[in-house]
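Undergrad: A predicted structure for the sequence below; I have some questions about it.
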Amino acid sequence: MTVSSGVEADLIVARYGEIWLKGKNRHEFERKLLDNVRAALRPFSGVEVRRDYGQLVVHASRRPAAVAQRLEDVFGIASLSPARGVEPRAEAIASAAAQALDEALANRPDDGPIPFRVEVRRSDKTFPMTSMELEIFVAERVMPPHASRLKVDLTRPELTLGVNVRLDRAYVFAERRPGAGGLPVGTIGRAVCLLSGGIDSPVAAWMAMKRGCSVAFLSFHSYPYIGESSKRKLTNLVRALARYQPRNRLYFAPFTAVQEAIRDTAPEPYRTVLYRRMMQRIATRVARREKAGVLVTGESLGQVASQTMENLTCIGAASGLPVLRPLICFDKTETIERARAIGTYDVSIQPEPDCCTVFQPARPVIRGSLERCEEAEARLDVEALVEDAVAGLEVVDVEAG
Ligand code: ATP
Ligand code: MG
């Protein structure tokens, strides 16, 4: 992007946290974030993204408000501001600041003076004024036309006019919104999330993404006990999550043969735990294919019979990889709140049965023992069941909605 010497309106400054900006990580972090931002903004025309020492500057010539809103879903961005870019000269900064302030005040009710300050950050220390001098310079120029609506308050401002002076550009903004936080998707590695149609596992996937995992999805399906419409629901769930990462691969694994074999040979109370152990094994194979280093589930301690400490131990023991359970200490109400905020809740509550309800035991074991699981599995051809499920995998690449 070539930066003109004039004023650029319709910029968005996206800042990221400092912790990762050390050593080798810095380059990787910035590159991934830039890729992810570009992918998120692909549907928008007239957008240019540039990197600017510890922040990204997005120029949105069309629909800047929608672009800014889209950036709120990109992990790794700590905060963002709709901004103006100007030459780093005091006069130019003050005149852009006056415009930004006019706009900000036009959007606020006129019901008493607003605590206000100008806040300058200079990364260009050769700038001829100190930060405080420039703050005073700008405030003296922008405040007089609005004297009745503003009162200076340096410690508890409600409206802060931000000025960020850099070597060849200064940015001026009147708003600072929180970003999605977390780490750019893909900086930590890849995960496979066991995705049911419920409320919990989509939230778990989102949390893993937030911490920098790119997530592939795996859902078990028991046709004809569970109909094709449940696949549509799963696809819709992944589409809802596709706001948060650039690539979204969903696997369906056939699970009927596994469930029938367990029904026919295992003690009834152990069925659910044994289903879950088979899910772990198949998921481990999918993870190998996806070069993923961890599995993710929506399990939460004590939420249902299969999620007691003992049963989670039995389930986890069948996995060939670490199992991340981001919701492990969440209350259901906390998960629901998060599901609403991230946009998966409305899809999750559509009534569709999950395969775990097939041949569901009347009295599931509460404190399962690993020994009993292994005894029951000795009567199954575990390897062949896993192989068959892997051979029957169906893959769907889901596009964002
Ligand atoms: P969810 O809301 O995710 O269904 P839940 O609290 O209802 O979670 P369970 O239904 O007992 O709990 O499932 C526990 C976890 O096992 C799920 O969060 C999910 O990770 C995994 N799981 C359950 N059923 C399936 C399935 N059919 N396909 C893939 N994973 C599943
Ligand atoms: Mg469920």
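TA: Alright, I've got the coordinates. Here the structure is a predicted model, which means the values were calculated and not measured. Ligands and ions are numbered 1, 2, ... in the order given.

Undergrad: near ligand 2, which residues of the chain show up?
TA: Remark: the part of the chain in contact with ligand 2 comprises 196, 198, 354, using CB under 5 Å from the ion. Any C-beta I mention is one placed from the backbone N, CA and C, and that applies to glycine too.

Undergrad: lowest-confidence one in the residues you listed?
TA: Among the residues of the chain next to ligand 2, residue 354 carries the weakest pLDDT, at 78.

Undergrad: just give the nearest non-adjacent residue to that residue, would you?
TA: Leaving aside its chain neighbours, residue 354 sits nearest to residue 196 (4.9 Å; criterion: CB to CB, 6 or more residues apart in numbering).

Undergrad: and the one you found, what does it touch?
TA: Residue 196 makes contact with 219-220, 298, 354, 356, according to CB atoms under 8 Å, 6 or more residues apart in numbering.

Undergrad: domains of this structure?
TA: 8-178, 189-397 (automatic domain parsing).

Undergrad: per-residue confidence averaged over the shortest one?
TA: When the per-residue pLDDT values of domain 8-178 are averaged, the result is 92.

Undergrad: the residue of the chain found nearest ligand 1 is in what secondary structure piece?
TA: Closest residue of the chain to ligand 1, CB to the nearest ligand atom: residue 198 (2.1 Å). Using DSSP states H and E, residue 198 sits in no helix or strand.

Undergrad: and the nearest residue to it once chain neighbours are set aside, what pLDDT?
TA: Nearest residue to residue 198 in three dimensions, chain neighbours excluded: residue 348, at 6.0 Å (CB to CB, 6+ apart). pLDDT, residue 348: 96.

Undergrad: what about residue 348, how many neighbours?
TA: 23 (other CB atoms under 10 Å).

Undergrad: contacts only, for it.
TA: Residue 348 neighbours (CB under 8 Å, 6+ apart): 197-199, 202, 237, 339.

Undergrad: distance of residue 273 from residue 376?
TA: 9 Å (CB to CB, to the nearest Å).

Undergrad: out of these two, which sits in the busier spot?
TA: residue 273 (29 against 18).

Undergrad: for the helix or strand hosting that one, which positions count as buried?
TA: In the assignment (DSSP H and E), residue 273 maps to helix 271-289. Neighbour-count burial for helix 271-289, with 16 or more other CB atoms under 10 Å as criterion, is recorded at 271-287.

Undergrad: next SSE after that helix?
TA: Counting by DSSP H and E, the element that comes right after helix 271-289 along the chain is strand 294-296.

Undergrad: got a list of what residue 362 touches?
TA: Here residue 362 is in contact with residue 268 (CB under 8 Å, 6+ apart).

Undergrad: got the end-to-end distance for stretch 212-230?
TA: One end of stretch 212-230 sits 29 Å from the other (CA to CA, to the nearest Å).

Undergrad: let me see the mean pLDDT of that stretch.
TA: 92.

Undergrad: list the buried residues in that stretch.
TA: For stretch 212-230, by 16+ other CB under 10 Å, it's 212-222, 226, 230.

Undergrad: in this structure, which spans are helices?
TA: Secondary structure of the chain by DSSP state H: the helices cover 23-40, 64-71, 90-106, 131-142, 200-210, 229-241, 256-265, 271-289, 309-317, 332-342, 345-348, 370-377, 382-391.

Undergrad: gap between the last one and the chain center?
TA: Using CA atoms, centre = their mean, to the nearest Å, the distance from the centre of helix 382-391 to the centre of the chain it belongs to is 33 Å.

Undergrad: ok, the residue in the stretch 151-300 of the chain positioned nearest to ligand 2 - contacts?
TA: Residue of the stretch 151-300 of the chain nearest ligand 2, by CB to the ion: residue 198 (3.2 Å). Residues near residue 198 by CB under 8 Å, 6+ apart: 298, 348, 354.

Undergrad: what's the answer for residue 295, then?
TA: Taking CB under 8 Å, 6+ apart as the test, what residue 295 contacts is 191-194, 280, 283-284, 287, 319, 321-324.

Undergrad: again with residue 256
TA: Going by CB under 8 Å, 6+ apart, the list of residues near residue 256 reads 222-225, 358.
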